[in-house]
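Chemist: Have a look at this prediction, sequence included:
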Amino acid sequence: LERLRVSYALEGGYDDIRAFIYDIETAPDFLVIENVFLSEGQSESAPLALTLDLSTYYRAAGRER
């Protein structure tokens with residue numbers, strides 16, 4: 001198996017971030033949330049900043065079992 005790692009930087013409200021993570025966790029695709037980094041902005045009205053490190057695994061083309 002090969003591993004694909006990606007990192008996403010997003011901004012949004014708390015409820016939106018929770019919904020996004022829930023959608024990843026309940027998706028039919030195999031995704032692993034490796035790390036979650038959450039930080040708040042300088043002011044109360046600033047959106048939250050989220051960085052997610054995700055991984056997935058797949059069978060590499062041309063490889064035998």
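Modeler: That came through fine. None of the values given here were measured: they were computed from a predicted structure.
Chemist: so how far is Asp15 from Ser55?
Modeler: Distance of Ser55 to Asp15, given as Cβ to Cβ, to the nearest Å: 26 Å. Just so you know, the C-beta spots here come from the backbone N, C-alpha and C atoms, and that holds for glycine as well.
Chemist: Ramachandran coordinates for the nearest residue to Ala49 once chain neighbours are set aside?
Modeler: Leaving out its chain neighbours, the residue that sits closest to Ala49 by Cβ to Cβ, 6 or more residues apart in numbering is Ser39, at 4.9 Å. Note on Ser39: backbone dihedrals following degrees, to the nearest 10 are phi -140, psi 150.
Chemist: so how far is Gly13 from Ser39?
Modeler: 14 Å.
Chemist: overlap in contacts of those two?
Modeler: Residues touching both Ser39 and Gly13 (Cβ atoms under 8 Å, 6 or more residues apart in numbering) are Leu48.
Chemist: Ser7 - that's part of a helix, no?
Modeler: No: looking at Ser7 with DSSP: H, G, I helix; E, B strand; the rest coil, it is strand, so not inside a helix.
Chemist: mind listing what it touches?
Modeler: Ser7 neighbours (Cβ under 8 Å, 6+ apart): 51-54.
Chemist: Of those residues - the most surrounded one?
Modeler: Highest neighbour count within the contacts of Ser7: Leu52, with 20 neighbours (other Cβ atoms under 10 Å).
Chemist: buried stuff in stretch 39-53?
Modeler: Neighbour counts over stretch 39-53 (16 or more other Cβ atoms under 10 Å) mark 50, 52 as buried.
Chemist: any idea of the mean pLDDT in that stretch?
Modeler: Averaging pLDDT along stretch 39-53 gives 89.
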